[in-house]
Structures are given as C-alpha cells and as structure tokens.
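Asker: Sequence and computational prediction follow.
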Amino acid sequence: MPPKHYENMRDASLSDYMNTDITRLVSESMRNIHAGITEVPLEVQLQPKTAAKLSFYIPWDGILYGFIRGKEALRKKLGFSLPLLSATISDWNGKFVLIFETEKPDQTAAFRISEKDVLYLLEHCRRPPETEKNH
C-alpha cells in the first residue's frame, strides 16, 4: 500500500518528466558520487518479473542507479519552490510509480506510469558497459 502522501497520484507519461536523452544509468559503485549541478539522482526499483524482461544485467536486488539532467526545468514543471533531491521509479508488482522528492514532504509528487514506458527508458538510455549480459 502506498504511503498516505502518495494517495493523490495521477496518471502520467514517463516521457513528460524524463526520456532517453536526459537519463543515464551508472554502476552500483558510482551510485554515491555527487550528481552534476544540473542532475537529479535516480533510483529504479524493479521486481524480478520486470527485471527479467530487460536485455541487460540487473543486480540481484533489482535496484538500478542513475541521473536525470534538467533539474531546474523539472523543478519548475512540478511547481516546486525547493530543489529536487531525488527521483525514484518503483515497481509495485507490475504497477509503476514515479516519485520526485524535495526536503519537504509537502513538495513531493507521485505519478502512475506504465511498465511499457519504464522498459523503453531503461533499454534505450545510456548504461555502463558492465550492464551488458556478456560482460
């Protein structure tokens, strides 16, 4: 069950907030590096069923790390007065939610997004070489 502050979620297209041109995945060892000044840290949490649909290696815990460029444009689009701290895509057993967070819970946005959009983004964004299955 989603937390109470996500109960006003609405449907959205993932491409309204991120696309393959501005999204990149990084290796697990790089997840703690600081984001670029124009980037928002991204965490993608996948269930095993969804991870199996991707053509590249997914860590055992189903978590991918990355960054989204265009931090200020995203902040304005979301109507936040505070800087974005993070973005998360969570797989709730085949239903997906995109969450943007700031330091204040009242400036948090959550959207229902499609599995198809998530799979497309992950397959086509920039990924580190170690994600290749034959690596």
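Answerer: Done, it's in.
Asker: what's near enough to touch Ser86?
Answerer: Val40, Pro41, Leu42, Glu43, Phe100, Glu101 (Cβ atoms under 8 Å, 6 or more residues apart in numbering). C-beta here means a position set from N, CA and C on the backbone, and glycine is covered the same way.
Asker: partners of it in the sheet?
Answerer: With beta bridges defined as DSSP bridges, Ser86 has these partners: Glu101.
Asker: ok, Glu39 to Lys49 distance?
Answerer: Here Glu39 is placed at a distance of 30 Å from Lys49 (Cβ to Cβ, to the nearest Å).
Asker: more crowded one of the two?
Answerer: Between Glu39 and Lys49, counted using other Cβ atoms under 10 Å, the more crowded position is Glu39 (18 against 12).
Asker: who's in contact with the more buried one?
Answerer: Taking Cβ under 8 Å, 6+ apart as the test, what Glu39 contacts is Phe67, Ile68, Arg69, Lys71.
Asker: Pull the most distant pair out of those residues.
Answerer: Phe67 and Lys71 (9.4 Å; Cβ to Cβ).
Asker: which residues do those two both contact?
Answerer: In the contact map built from Cβ under 8 Å, 6+ apart, the residues linked to both Phe67 and Lys71 are Ala35, Glu39, Val40.
Asker: CSV for those residues, including distance to Asp21, pLDDT and secondary structure?
Answerer: Below are the shared contacts of Phe67 and Lys71 laid out as CSV (distance: Cβ to Cβ, whole Å; pLDDT from 0 to 100; DSSP: H, G, I helix; E, B strand; the rest coil):
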residue, distance to Asp21, pLDDT, secondary structure
Ala35, 17, 73, coil
Glu39, 13, 95, strand
Val40, 15, 95, strand
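Asker: re earlier: going by distance to Asp21, which of the contacts of Glu39 wins?
Answerer: Distance to Asp21, by Cβ to Cβ, is smallest for Arg69 among the contacts of Glu39, at 8.2 Å.
Asker: returning to that earlier point: PyMOL command to pick out the buried ones of the contacts of Ser86?
Answerer: Written as a PyMOL command, the selection of buried residues from the contacts of Ser86, which uses 16 or more other Cβ atoms under 10 Å, is:
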select buried, resi 40+41+42+100+101
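Asker: which of the contacts of Ser86 lies closest to Asn19?
Answerer: Taking Cβ to Cβ as the measure, Leu42 is the one of the contacts of Ser86 closest to Asn19, at 12.6 Å.
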